[in-house]
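# got a predicted structure plus its sequence, pasted below:
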Amino acid sequence: MTSVFKILIFVGVISIVSGCGRKGSLIYPDMLTPSAPENVVAQQSGSAVKLQFTVNSKDRAGRPLQGLAGVKINRRTNDVEQKDVCRSCMTDYRLLRTVYMEKLSDDAQRFGSRIVLLDGDVKPGKKYSYIIFPFTSDGVEGAASEPVETSLFTVVPAPLLTVESLPTEIRIHLTPSALSGEPVGFNIYRSTVKNSHSFFPINAEPVKGCEYVDTAVQRGLTYNYTARALVADKSGKVAESEESVEVEGKLYDEE
């Protein structure tokens, strides 16, 4: 073998090794599965539990995720007095609901990557724990969310709500009903479809006073408003009240 030929082989090997180096480290198959849902919150809402979470757009390797089909919500039920329960153990968890991203059921709503689901099969005196697993269109299950739990106490009565329609804004007046805890504020809900209530409040933070001014409205549209009071129990856990009666409001033209 000539010296020139040996040199060519050596250069080719170096090129191959260098090329492989540029491809990055090996990614294991389980890292290509969906990352866990984030920002998971469970809260009493009237006589139901409102479960909120954000679906992740990345796989476990941090790359854009392809083919996310939905999530499976698992729930465990215990008595409130029951102690020494392992939060993360899957013992006694049962499949509560399979949520498909492209076709949500009536008890679920989506706003961007945020999903809210109402679990109405609950009752006072029980503690409910939830763990959420994403899955792809190929049936591959991803990482589990952190478990969250909540319990139900006495259902809080709905507040009273009235609406004042003005030329440039709609003012919402709130009157709390008799509360069985420490008042925290109100959540305001709005929809342009009658009797089609949103699960996402329009206020980013609880409304502290008894009035809310809605300026994010368009002339010619009728808006349907409801409200829920927020109340904290002795432990500091915050619950939503029952939903108020729906009230209409719209901007009117000045004469």
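Yep, that arrived. Because the structure is a prediction, the values reported are computed rather than measured.
# so T150 bridges to which residues?
Y128 (DSSP bridges).
# confirm that Y252 sits in a helix.
No: read with DSSP: H, G, I helix; E, B strand; the rest coil, Y252 is coil and lies in no helix.
# what sits against it?
S165, L166, P167 (Cβ atoms under 8 Å, 6 or more residues apart in numbering). Every C-beta, even on glycine, is put in place using the N, C-alpha and C of the backbone.
# around the last one, how many other residues sit close by?
Using other Cβ atoms under 10 Å, P167 has 10 other residues around it.
# turn the contacts of Y252 into a markdown table, columns for secondary structure.
Listed next are those as a markdown table, based on three-state DSSP:
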| residue | secondary structure |
| --- | --- |
| S165 | strand |
| L166 | coil |
| P167 | coil |
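# quick one: the helices in the protein?
Secondary structure of the chain (DSSP state H): helices at 3-22.
# report the beta-bridge partners for the closest residue to E182 other than its chain neighbours.
With Cβ to Cβ, 6 or more residues apart in numbering as the criterion, E182 has its nearest non-adjacent residue at 4.4 Å, and that residue is A232. Taking DSSP bridges as the rule, A232 bridges to E182, V238.
# ok, A232 - contacts?
G181, E182, P183, V184, V238, A239.
# ok, now T33?
So T33 contacts D59, R60, T136, V140, E141, G142, A143 (Cβ under 8 Å, 6+ apart).
# pLDDT score for the nearest residue to it once chain neighbours are set aside?
For T33, ignoring the flanking residues on the chain, the nearest one in space by Cβ to Cβ, 6+ apart is G142 at 4.4 Å. Per-residue pLDDT puts G142 at 95.
# kindly report the same for Y28.
At Y28, pLDDT is 67.
# same deal with R219?
You'll see R219 listed with a pLDDT of 94.
# go on, E182?
90.
# ok, now how distant is it from V156?
Distance of E182 to V156, given as Cβ to Cβ, to the nearest Å: 11 Å.
# reformat the contacts of A232 as JSON lines; add neighbour count and distance to L96.
Formatted as JSON lines, the contacts of A232 follow (neighbours: other Cβ atoms under 10 Å; distance: Cβ to Cβ, whole Å):
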{"residue": "G181", "neighbour count": "18", "distance to L96": "27"}
{"residue": "E182", "neighbour count": "12", "distance to L96": "30"}
{"residue": "P183", "neighbour count": "15", "distance to L96": "31"}
{"residue": "V184", "neighbour count": "18", "distance to L96": "27"}
{"residue": "V238", "neighbour count": "16", "distance to L96": "23"}
{"residue": "A239", "neighbour count": "26", "distance to L96": "20"}
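# what are the bridge partners for Y225, then?
R190, V247.
# now do the contacts for it.
So, once contact is read as Cβ under 8 Å, 6+ apart, Y225 ends up touching L161, V163, I170, I172, I188, Y189, R190, D214, E246, V247, E248, G249.
# E164 now?
Contacts of E164 were listed using Cβ under 8 Å, 6+ apart, and they are I170, R171, I172, H173, G249.
# what is the rounded mean pLDDT of stretch 236-250?
Per-residue scores along stretch 236-250 average to 94.
# with stretch 98-114 instead?
94.
# let's number from 11 now, not from 1
Sure thing, new numbering starts at 11, so read that last one as stretch 108-124.
# quick check, G130 in contact with S57.
Yes: counting by Cβ atoms under 8 Å, G130 does reach S57; the two are 7.3 Å apart.
# grab the nearest non-local neighbour of E151.
E151 sits nearest to F145 (Cβ to Cβ, 6+ apart), 4.9 Å away.
# so G77 sits right up against G152, yeah?
No: G77 lies out of contact with G152 (Cβ under 8 Å); the separation is 10.9 Å.
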